[in-house]
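Q: this one's structure only:
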């Protein structure tokens, strides 16, 4: 098991679903010791098994990498839980066993979200600097979108489902020493497709962390989503609040131009926030986790995964971290 408390703030590589030889080489060449897999491509239609998780972790270690976190199980693992549908009890049992298996396999963090109808964008081909291709969101275009799940789900209903789940997951997380890291709603708006979103503002996160106040419960602090909230006005305050409380487990360090109702994802360093000051604030807050890129603009002749865009973002993040550590 990785001793998370013994590590310092550092840069990792993530947002792929298989630890291939290419991803291993890319991570090492970027100077990263840690990797994070998003919706890992593992066997299992309802849960992840110990032997597959252990094989994944040891494969990373055999290549001098730490498997720091798995971000997101397939949504079908807990879609009934999120909307309180029939069958949620069986999904709960499988999610509890997945966490047990992660703990047994020595994988310390499970990232999760509470978006039954997923991430929304209104454009995946928005040109940004130099003709690089990024994505964008305009609330005006989807405000009358049809219901995604057959009927509307209120915030009270979604909170009840969330509390039902977390109250049953946290004891398992504590027993097996697996942390759950909550990702913001993306985009952070009150409702989409008839489903209320819970984690679109500071108050929602504060409620979640206070209601389920286990040391195993914290944030996947997606800086891009926090920057979308109020055009970035609350980013520093959120770090100041959650950081010293030990509730920021790792960070997606991307940025946007605009706010939740109308934004474009851009190159890091060109968005709403001063990234140097953000990393500096993270350090001052006591954060010792992983900084990874997230969504990145696709540069000329880029790969589908975005190797060129990710190399740029990772290099930028590494430089900011070095600068912060130099002036501290």
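A: Received the coordinates, thanks. Because the structure is a prediction, the values reported are computed rather than measured.
Q: how about the contacts made by residue 210?
A: For residue 210, no contacting residues are found, by C-beta atoms under 8 Å, 6 or more residues apart in numbering. For glycine as for every other residue, the C-beta is placed from the backbone atoms N, C-alpha and C.
Q: distance of it from residue 78?
A: Residue 210 sits 22 Å away from residue 78 when distances are taken as C-beta to C-beta, to the nearest Å.
Q: residue 64 reaches residue 33, doesn't it?
A: Yes - look at residue 64 against residue 33 with C-beta atoms under 8 Å: they come within range, at 7.5 Å.
Q: so which of these two has more stuff around it?
A: residue 33 (16 against 10; other C-beta atoms under 10 Å).
Q: which pLDDT value does the model give the residue nearest to that one when sequence neighbours are not counted?
A: Among residues not flanking residue 33 along the chain, residue 66 sits closest, at 5.9 Å (C-beta to C-beta, 6 or more residues apart in numbering). Residue 66 is assigned 97 on the pLDDT scale.
Q: and whichever strand or helix holds residue 204, what's buried?
A: Secondary structure from DSSP states H and E places residue 204 in helix 202-211. Residues of helix 202-211 classed as buried by neighbour count (16 or more other C-beta atoms under 10 Å): 202, 204, 205, 208, 209.
Q: could you dump the residues you listed into TSV and include distance to residue 306?
A: TSV is the format used below for these (distance: C-beta to C-beta, whole Å):
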residue	distance to residue 306
202	30
204	30
205	28
208	31
209	32
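Q: and the residues you listed, which is closest to residue 167?
A: Proximity of those to residue 167 (C-beta to C-beta) peaks at residue 208, which lies at 11.7 Å.
Q: pretty sure that closest one is touching residue 162, no?
A: Yes - with contact defined as C-beta under 8 Å, residue 208 and residue 162 form a contacting pair (7.3 Å).
Q: list the residues that contact both of these two?
A: Both residue 208 and residue 162 are in contact with residue 198, where contact means C-beta under 8 Å, 6+ apart.
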